[in-house]
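In: Next comes the sequence, and after it the predicted model I'd like to discuss.
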Amino acid sequence: MEKLFKLEENGTNVRTEITAGLTTFMTMAYILAVNPAILSASGMEYGRVFAATAIASAIACFVMGFLANLPFALSAGMGLNAMFSYTVCLGMGYSWQWALSAIFVEGIIFCVMTLTNVREAMITSIPKNLKKAISAGVGMYIAYIGLKSAGIIIADESNVSILNPKWYMGPQLVAIIGIAITGVLLAWKVKGALLIGIVLTAAIGIPFHVTSYAGGAFIPASPYFCNFAFSEIFKNGKTLMDFVLVVFTFLYVDMFDTLGTLIACAGKSGIVNKDGSIPKAKQALMADAIGTTMGAVFGTSTVTTFIESSIGVAEGGRTGLTAITVGFMFLMSLFLSPIFGSIPSAATAPALIIVGVLMISPVQEINFEDFTESIPAFLTIMIMVCGSSISDGIMFGILFYVLMKLFTGRIKEVRKVTVAFALLFLFKVVLDAF
């Protein structure tokens, strides 16, 4: 273990890494239920998508662990799966096989971009203050997700989030108790505080009828395999243009969501180099690319690095052993899906909320005296949280960073790659407008 993962060099041990992996998995296991439910709307079979999600996630986590030796976990990305079913299949009228073909092509493009260091260059191109804002913004976004999944805050008819009038009842109360328990454990510096908090909160949920055995078979279904429909792409010019547009959109969202997650989690784990680069970023991005490609092969939407990885980092995860533990748990879930399905969101939400507290600290290091730095950083955070999108937060941050520097006569401070990404964002805005 020491030779493979360099545990001592990274200030960790086997117990800490496995605990971090278990904690990460517990907080992201919801994807095993949510992803099949969303993709089922496109006509895919629930059981086969469940198996595909577990297998593709495991492969991606193993690549991350063994190739990059980083503690980041991957699975089918939320938002991207909704786009797959509701936009591409139900909205545009294409088959799920057509959509999987687009995901497969996206994965191949990502592999090429990673091998040619394009994606790695993207990470180094983001200004220092924006990186700190991304880390804090992701933390706040995670906490926001936790509050919503626990039902403590809800969206009204205008989609404006408000405090649930019944926040002190049922699942909401269980989640609040869980926040208190997890917070006290952290204050006492208890090892594995987040994982212990999840287990205790789930147990407390039993008398509240929040936690209950999910039931179901322990025999895993088989995934799909290479169910593509490339012949449909070339039917006519419109179909081909739609395919290119869909691939670009998947590519764009996955690219910047992963970018933001890697920056945030790497910053929290303290592994960022002095020049702002992330060690073995190329290998980490390759795990994402391989996960997306294999996900399409087995029958699931785009695989991406999960923001819940920050929870494992907060538990002390520093090496690939954390990611491998998550991958192993995904494989185990093929046989134990009813048990994992019994863990309510009220039990995992407190961990998400607490991690938001742990990740917001980089805000203190942002230079708020320089408005060309602070305004883009502030917008990055706000758009991430209020717009529920990491990629859109990065887009606003970079656009305003370049514009602020340009109109204050300081454009020479901006790297050429950063300007190129600002132009890419403008192109996307124009594309969306028409």
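Out: Okay, I see it.
In: List the residues that contact Gly299.
Out: Going by Cβ atoms under 8 Å, 6 or more residues apart in numbering, Gly299 touches Met44, Arg48, Val49, Ala52, Leu100, Pro223, Tyr224, Phe225, Asn227. For the C-beta atoms, the positions are set from N, CA and C on the backbone; glycine is no exception.
In: Leaving out the residues flanking it, which one is nearest to it?
Out: Using Cβ to Cβ, 6 or more residues apart in numbering and skipping residues adjacent in sequence, the residue nearest Gly299 is Tyr224, 3.0 Å away.
In: How many residues are close by the closest residue to Ala266 other than its chain neighbours?
Out: In this structure, Ala266 finds its nearest non-sequential neighbour in Ile278, 4.5 Å apart by Cβ to Cβ, 6+ apart. Applying other Cβ atoms under 10 Å, we find 23 residues neighbouring Ile278.
In: got it, and the one 5 residues further on?
Out: A count of nearby residues for Gln283, using other Cβ under 10 Å, gives 18.
In: same thing with Phe230?
Out: Phe230 has 12 neighbours, counted by other Cβ under 10 Å.
In: That one contacts Ser101, correct?
Out: Yes. With contact defined as Cβ atoms under 8 Å, Phe230 reaches Ser101; the gap is 5.5 Å.
In: From Ala52, how far out is the residue nearest to Ala266?
Out: Per Cβ to Cβ, to the nearest Å, Ile278 is found 29 Å from Ala52.
In: Outline the domain layout of this structure.
Out: Here the domain parsing of the chain from automatic domain parsing is 2-222+255-362, 367-433.
In: Of those domains, which is nearest Leu245?
Out: domain 367-433 (7.6 Å; Cβ to Cβ).
In: Quote the end-to-end distance of the closest one.
Out: Start-to-end span of domain 367-433 (Cα to Cα, to the nearest Å) is 34 Å.
In: returning to what we had before: could you list every residue that touches the residue nearest to Gly299?
Out: By Cβ under 8 Å, 6+ apart, the neighbours of Tyr224 are Met44, Arg48, Val49, Ala52, Leu100, Phe298, Gly299.
In: mind redoing it with 7 Å?
Out: Tyr224 is in contact with Arg48, Ala52, Phe298, Gly299, counting by Cβ atoms under 7 Å, 6 or more residues apart in numbering.
In: Look up which helix or strand it falls in, please.
Out: Counting by DSSP states H and E, there is no helix or strand that carries Tyr224.
In: Check the gap between it and Tyr86 for me.
Out: According to Cβ to Cβ, Tyr224 stands 20 Å off from Tyr86.
In: again with Leu32
Out: Distance from Leu32 to Tyr86, by Cβ to Cβ: 20 Å.
In: Give me the more crowded residue out of the two.
Out: It is Leu32, of Leu32 and Tyr86, that has more neighbours when counted by other Cβ under 10 Å, with 23 against 14.
In: Assess the claim that the more buried one and Ala54 are in contact.
Out: Yes. Counting by Cβ atoms under 7 Å, Ala54 is a contact partner of Leu32 at 6.3 Å.
In: what residues are shared contacts of the two?
Out: Counting by Cβ under 7 Å, 6+ apart, the residues touching both Leu32 and Ala54 are Ser333.
In: buried residues in the lengthiest helix in the chain?
Out: Using DSSP state H, we find that the single longest helix of the chain is helix 237-269. The neighbour-count check on helix 237-269 (16 or more other Cβ atoms under 10 Å) flags 242-243, 246-269 as buried.
In: Phi and psi next, for the residue nearest the centre of the chain.
Out: Compute the mean C-alpha point of the chain, and by Cα atoms, centre = their mean the closest residue is Phe306, 2.6 Å away. The phi and psi values for Phe306, taken as degrees, to the nearest 10, are phi -90, psi 140.
In: Assess the claim that it and Pro71 are in contact.
Out: No. Between Phe306 and Pro71 there is no contact under Cβ under 7 Å: 11.6 Å.
In: Any stretches of the stretch 1-150 of the chain with poor pLDDT?
Out: By pLDDT under 70, the stretch 1-150 of the chain contains no weakly predicted segment.
In: can you give me the strands in it?
Out: Secondary structure of the stretch 1-150 of the chain (DSSP state E, counting those that start in this stretch): strands at 74-76.
In: ok, and what's touching stretch 387-398?
Out: Contact with stretch 387-398 is made by 130, 133-134, 137-138, 141, 252-253, 256-257, 259-261, 376-377, 379-381, 383-384, 418, 421-422, 425, as judged by Cβ under 7 Å, 6+ apart.
In: again, 6 Å this time
Out: Contact with stretch 387-398 is made by 130, 137, 253, 256-257, 260, 376, 379-380, 383-384, 421-422, 425, as judged by Cβ atoms under 6 Å, 6 or more residues apart in numbering.
In: next one: stretch 4-18 to chain centre, how far?
Out: Computed by Cα atoms, centre = their mean, to the nearest Å, the chain-centroid distance of stretch 4-18 equals 23 Å.
In: What residues sit buried inside it?
Out: Neighbour counts over stretch 4-18 (16+ other Cβ under 10 Å) mark Phe5, Leu7, Asn10, Thr12, Asn13, Thr16, Glu17, Ile18 as buried.
In: from those residues, which two are the most distant?
Out: Asn10 and Ile18 (14.4 Å).
In: any idea how far Ala58 is from Leu336?
Out: Between Leu336 and Ala58 the computed distance is 14 Å (Cβ to Cβ).
In: I meant to write Ile290 there.
Out: Taking Cβ to Cβ as the measure, Ile290 and Ala58 are separated by 12 Å.
In: Tell me how many other residues crowd Ser40.
Out: Number of residues near Ser40 (other Cβ under 10 Å) recorded here: 17.
In: quick one: secondary structure of Ile196?
Out: The three-state assignment at Ile196 reads helix, by DSSP: H, G, I helix; E, B strand; the rest coil.
In: go on, the one 4 residues further on?
Out: When states are read from three-state DSSP, the local structure at Leu200 comes out as helix.
In: So for it, what pLDDT did the model give?
Out: pLDDT, Leu200: 93.
In: Run a quick neighbour tally on the nearest residue to it once chain neighbours are set aside.
Out: In space, Leu200 comes closest to Ile181 once its chain neighbours are excluded; the distance is 5.5 Å by Cβ to Cβ, 6+ apart. Using other Cβ under 10 Å, Ile181 has 18 other residues around it.
In: in which helix or strand would I find Ile181?
Out: Here Ile181 is assigned to helix 170-187, by DSSP H and E.
In: what distance separates the longest helix of the chain from the centre of its chain?
Out: Relative to its parent chain, helix 237-269 has a centroid offset of 12 Å by Cα atoms, centre = their mean.
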